[in-house]
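**Student:** Generate coordinates for the sequence data below:
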Amino acid sequence: MKKNHFLHFDTDAFCISCSGETRYNKEGLLQGQAIDAPLSEVGLQQAEAAGRYLKDVEFSHVFVSDLLRAQQTAETIMKHNSSCSSLQMALDPLLKEISFGVAEGGRLQDVRDMAKAAGQTFPGFTPPGGETPEQVKERVKEFMENTLQQLGAEHWHHSTEVETCPSAVEGRADDGVGGVPVHALVVTHGAYMRVVVRYFVEELLCSLPQGSDRAHVFSLSPNTGLCRFVLSVRKEEDGFQLSGIRCVFVHRNDHVKELVHQ
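**Tutor:** Residues are numbered from 1 along each chain as shown. Now for the predicted structure:
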């Protein structure tokens, strides 16, 4: 039996943002992967609001879906944030939205009707030619593995041990990241984020903020909705492994609420 040699623990954080609105969102149409629409005017405003909200949060990396709406969202957030001035966004197809197959470009209601006819519900139903939740989860797992190895190789501190205590969630943009040395901004998509959160909670046993409503936790993130997770990582002989994960907040959209009331 192979022995694992643990050196010490370190911490990373992910701030995961949903992309902003496009006209397809507004019209109740499915985009998925084949529809690569730009942000609408409202979507650009949402991205600007997210950028202003996160402007003082320190980021060490930016990982972005290679679809246009996510890139535009990330570019706008980075424009407002001085810590991003020397960073380059890393485009990653593993962060693409779920493929909805033949349903892409069609009405969301039509997919619900297809699911009902098949005796299923949407979300959870896979249209012909689309990705199953399990296939999407494999993309999530691959992204996590690649990212943990990259962040570990670049930032592991052999001489010091970083310990952070859970921060009280006070509604601040930097909740949970005080003292966390590596904080990645990840910009992806709503249906993909739903798979991420469910995987974190149900399989990685991610702890949730006190009083969390699971229906809200597993709901679709709003455009430019924000989630933050703090990860504990350990170094082993053959690489870096996740040893713990907790959620600081999920689907936060204070910045968009403020935009609506302007």
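
**Student:** Can you show me the strands along this structure?
**Tutor:** Here the chain has its strands, by DSSP state E, at 9-18, 61-64, 90-91, 182-188, 226-236, 239-252.

**Student:** Contacts only, for the residue nearest to residue 90 when sequence neighbours are not counted.
**Tutor:** Spatial nearest neighbour of residue 90, excluding adjacent residues (Cβ to Cβ, 6 or more residues apart in numbering): residue 63 at 5.1 Å. Where you see a C-beta, it was placed from the backbone N, CA and C, and this is true even at glycine. The contact partners of residue 63, taken as Cβ atoms under 8 Å, 6 or more residues apart in numbering, are 89, 90, 92, 95, 143, 147, 184, 185, 186, 187.

**Student:** Could I get the pLDDT score of residue 63?
**Tutor:** On the pLDDT scale, residue 63 is placed at 97.

**Student:** That one bridge partners, please.
**Tutor:** Going by DSSP bridges, residue 63 is paired in beta bridges with residue 90, residue 186.

**Student:** so how far is residue 51 from residue 134?
**Tutor:** 34 Å (Cβ to Cβ, to the nearest Å).

**Student:** err, residue 89, not the other one
**Tutor:** Separation of residue 89 from residue 51 (Cβ to Cβ): 13 Å.

**Student:** same deal with residue 221?
**Tutor:** From residue 221 to residue 51 the distance is 17 Å (Cβ to Cβ).

**Student:** Quick check on those two: which one has the bigger neighbour count.
**Tutor:** Per other Cβ atoms under 10 Å, whichever of residue 221 and residue 51 has more neighbours is residue 221, with 25 against 21.

**Student:** Backbone dihedrals for the more buried one, please?
**Tutor:** phi -70, psi 140 (degrees, to the nearest 10).

**Student:** I'd say it and residue 18 touch.
**Tutor:** Yes - in this structure, residue 221 is within contact of residue 18 by Cβ atoms under 8 Å, at 4.4 Å.

**Student:** Can I get the lengthiest helix in the chain in PDB? Just the C-alpha atoms.
**Tutor:** Longest helix of the chain, by residue count under DSSP state H: helix 133-155. Provided in PDB are the C-alpha atoms of helix 133-155 (Å, rounded to 0.1, in the frame of the first residue of the first chain):
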ATOM      1  CA  PRO A 133     -25.000  16.200 -15.600                       C
ATOM      2  CA  GLU A 134     -22.400  13.400 -15.100                       C
ATOM      3  CA  GLN A 135     -20.500  14.600 -18.300                       C
ATOM      4  CA  VAL A 136     -20.500  18.200 -17.000                       C
ATOM      5  CA  LYS A 137     -19.300  17.000 -13.600                       C
ATOM      6  CA  GLU A 138     -16.300  15.300 -15.200                       C
ATOM      7  CA  ARG A 139     -15.400  18.700 -16.800                       C
ATOM      8  CA  VAL A 140     -15.700  20.300 -13.300                       C
ATOM      9  CA  LYS A 141     -13.500  17.600 -11.800                       C
ATOM     10  CA  GLU A 142     -10.900  18.000 -14.500                       C
ATOM     11  CA  PHE A 143     -10.800  21.800 -14.100                       C
ATOM     12  CA  MET A 144     -10.400  21.500 -10.300                       C
ATOM     13  CA  GLU A 145      -7.600  18.900 -10.700                       C
ATOM     14  CA  ASN A 146      -5.700  21.000 -13.200                       C
ATOM     15  CA  THR A 147      -6.200  24.200 -11.200                       C
ATOM     16  CA  LEU A 148      -5.100  22.700  -7.900                       C
ATOM     17  CA  GLN A 149      -1.900  21.400  -9.500                       C
ATOM     18  CA  GLN A 150      -1.200  24.700 -11.100                       C
ATOM     19  CA  LEU A 151      -1.800  26.800  -8.000                       C
ATOM     20  CA  GLY A 152       0.100  24.400  -5.800                       C
ATOM     21  CA  ALA A 153       3.100  24.400  -8.100                       C
ATOM     22  CA  GLU A 154       3.100  28.200  -8.400                       C
ATOM     23  CA  HIS A 155       2.300  29.200  -4.800                       C
END
